[in-house]
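1. kindly return the folded structure for what I paste below:
(2 chains)
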Amino acid sequence: NAGVTQTPKFRILKIGQSMTLQCTQDMNHNYMYWYRQDPGMGLKLIYYSVGAGITDKGEVPNGYNVSRSTTEDFPLRLELAAPSQTSVYFCASSSPLGYSYNEQFFGPGTRLTVL
Amino acid sequence: TQLLEQSPQFLSIQEGENLTVYCNSSSVFSSLQWYRQEPGEGPVLLVTVVTGGEVKKLKRLTFQFGDARKDSSLHITAAQPGDTGLYLCAGAGDSNYQLIWGAGTKLIIKP
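-> Alright, predicted model coming up:
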């Protein structure tokens, strides 16, 4: 099992450019999440999905969009990149059913710089 | 709004010393998780505590959930350089979908 994979690992964008951060999980988890982590800080939730076709906003959704067409994939779209979006982005998945307590499995992250 | 406060924010100690990291809230959580994040990587789950007063041990790491399920602590005995990292606590609260995250404790163990 690869777990949660993210691409790319690093990216530099110019202000106003757009890009899609890819996230794939092979654990058949229903729940998927996008977080951003600024230097020395914890995690802030951007968007989450509880299943294919269902997404909802987290704490900091402005400037981002998501889609969930399959159980495995949960891409994050940045439109009109701004310097405030410089951060490390983590995708995570979980399956909080039965005796599970929403333990989340994380990808390795995408380090994004907007100049 | 549910919040989790971690303390200290930063801790740098010598190898072999003991330390405790705290995770506090005024809210009740149904469960609480501890993660460790190493530089350049995503967080990795260490433990989940569920019952008030519960204590779990993972080698030299001891995790405790408060009796009222509002707080938790992580105690490391005889810290080693391999324990270096960012320690995050996360609580499962009102929502089944989301975790409430603490800001993290950055721990550095010097050889």
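2. you'd agree A:G3 is up against A:N28?
-> No - the criterion here is C-beta atoms under 8 Å, and A:G3 misses it with A:N28 at 11.8 Å. C-beta here means a position set from N, CA and C on the backbone, and glycine is covered the same way.
3. so the residue of chain A at minimum distance from chain B bridges to which residues?
-> Scanning chain A for the residue nearest chain B gives A:F106, at 3.0 Å (criterion: C-beta to the nearest C-beta). For A:F106, the beta-bridge partners are A:A92 (DSSP bridges).
4. next: the one 4 residues further on.
-> Beta-bridge pairing of A:T110, defined through DSSP bridges, involves A:Y89.
5. now swap in A:Y33 and tell me
-> Beta bridges link A:Y33 to A:Y48, A:A92 when assigned by DSSP bridges.
6. could you measure from it over to B:G66?
-> 26 Å (C-beta to C-beta, to the nearest Å).
7. picking that back up, what about the residue of chain A closest to chain B, how many neighbours?
-> A:F106 has 23 neighbouring residues, counting by other C-beta atoms under 10 Å in any protein chain shown.
8. over to B:C23?
-> B:C23: 28 surrounding residues under other C-beta under 10 Å.
9. residue contacts, the residue lying closest to B:V50 once chain neighbours are set aside?
-> Using C-beta to C-beta, 6 or more residues apart in numbering or on different chains and skipping the chain neighbours, the partner closest in space to B:V50 is B:S31 (4.7 Å). Contact analysis of B:S31 by C-beta atoms under 8 Å, 6 or more residues apart in numbering or on different chains lists A:101-102, B:48-50, B:91-92.
10. pull the most distant pair out of those.
-> Maximum pairwise distance among the contacts of B:S31 (C-beta to C-beta): 13.4 Å, between A:N102 and B:V49.
11. the residue of chain A closest to chain B reaches B:V44, doesn't it?
-> Yes - A:F106 is in contact with B:V44 according to C-beta under 8 Å; the separation is 7.2 Å.
12. okay, and the beta partners of A:L13?
-> Beta-bridge partners, per DSSP bridges, of A:L13: A:V114.
13. quick one: pLDDT of it?
-> A:L13 is assigned 97 on the pLDDT scale.
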